[in-house]
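Engineer: What would the 3D arrangement of this be:
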Amino acid sequence: MLAERLSLSPCAILSFDRGGPTPLVCVCRFLRLEIYLCHCQCYADDAKLVPSSATDIDPHHIIDTVKHLERHRDWDEFRTVYRTGDGVVVKKIYDPEAALSEALNLAMIRSVTSIPIPELRRVVVDGSTTYLVMECIEGDSLKDRWPHLSLWSRLSVAWTLRGYVAQLRRLRRSVPGTLPGGRCNGPLFTEDGAGPFHSYSDMIAWFNHKLEVSQRMNQAPIHAPRFDSRSPLVFTHQDLCPRNVMLAHDGTLYLIDWEYAGFYPEWFEYTTMLRQTDLPISWRWMVPLIAGWFTNMARCVSNISWALSTGAMM
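Structural biologist: Purely as a prediction, here's the structure:
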């Protein structure tokens, strides 16, 4: 796969401009990265370095504040997002590849769609830990608000999210995976992820191998349909659920947590939404409205569930 290597020095912003009215800007100050940008419709063809304007965020203050918050609360290893004041939240990520992917995803979505997302204001690196400094959305998680919404309000939320998914699906690429081309993670991959895949056929072969593993272990019907590449590869959030939707005080719906996002078959959004656990049935009823109907593919994914979990190493 053809790639372009960009070395980002400290105090720089990575900007991608495809001719639209708004440049795609990813703050990468105090960060040294090597980014491999594939040329196959990856929305990063015209990368350039421009001066940084985010001078009001001290990286040392961010690191110290997060460590202070961790010391003065009950330990929760699953909590990685901290509200530090000054209108920002900080997401702490231990995997540099995942941090790069989410930063680029936020920048791309903000540039080429009208989907409301938090503004990425700075990326701070401390050893192997990355801190994404983002705009704080004043509002409530949809997870907390959903039980109290009327049926009409729930339909309105679902219809808005349907529009967001439609925008994402207009972003397409010929090679599956993350924007920077790293390892694929999410509900439809094993705990350790998969790939990176160099072609669509490589990813389909991986899924069909998982199907064969499940069949050998009598965990899937012997004549179960195989995966194929008929569906286009579209940009997919892959973790679209109420906890990742913020309902702002002005009524705007924001999508957050873009770590798993990438270019995957069109049916991915539907099947990953259904694989979320502990969701109210009223939300599950809205999934087809939001992401379309892909019941056949949901059955295909169900056939490989054993191979994605218990048989992940096979």
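Engineer: what about residue 158, how many residues close to it?
Structural biologist: 17 (other Cβ atoms under 10 Å). Where you see a C-beta, it was placed from the backbone N, CA and C, and this is true even at glycine.
Engineer: Could you do the one 3 residues further on as well?
Structural biologist: Using other Cβ under 10 Å as the criterion, residue 161 is surrounded by 23 other residues.
Engineer: which ones are touching it?
Structural biologist: 240, 245, 253, 290 (Cβ atoms under 8 Å, 6 or more residues apart in numbering).
Engineer: who's in contact with the closest residue to residue 275 other than its chain neighbours?
Structural biologist: Distances taken as Cβ to Cβ, 6 or more residues apart in numbering place residue 187 nearest to residue 275, at 4.5 Å, with adjacent residues excluded. Residue 187 makes contact with 238, 239, 260, 271, 272, 275, 276 under the criterion Cβ under 8 Å, 6+ apart.
Engineer: Which of these ranks first by neighbour count?
Structural biologist: Ranking these using other Cβ under 10 Å puts residue 260 first, with 26 neighbours.
Engineer: Flag the shaky bits of the stretch 51-200 of the chain, pLDDT-wise.
Structural biologist: For the stretch 51-200 of the chain, the stretches flagged by pLDDT under 70 are 51-55, 73-79.
Engineer: Please enumerate the strands of it.
Structural biologist: Shown for the stretch 51-200 of the chain, the strands assigned by DSSP state E, counting those that start in this stretch span residues 81-85, 88-93, 120-126, 129-135, 139-141.
Engineer: Same question for the stretch 201-314 of the chain.
Structural biologist: So, for the stretch 201-314 of the chain - with DSSP E, counting those that start in this stretch - the strands run 233-236, 245-248, 253-255, 262-265.
Engineer: could you dump those to JSON lines with mean neighbour count and mean pLDDT?
Structural biologist: As requested, those are exported to JSON lines (neighbours: other Cβ atoms under 10 Å; pLDDT from 0 to 100):
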{"stretch": "strand 233-236", "mean neighbour count": "24", "mean pLDDT": "98"}
{"stretch": "strand 245-248", "mean neighbour count": "20", "mean pLDDT": "97"}
{"stretch": "strand 253-255", "mean neighbour count": "19", "mean pLDDT": "98"}
{"stretch": "strand 262-265", "mean neighbour count": "26", "mean pLDDT": "98"}
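Engineer: Now render those strands as CSV, adding distance to residue 128.
Structural biologist: Shown next, in CSV, are the strands of the stretch 201-314 of the chain (distance: least, Cβ to Cβ, whole Å):
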stretch, distance to residue 128
strand 233-236, 27
strand 245-248, 29
strand 253-255, 27
strand 262-265, 22
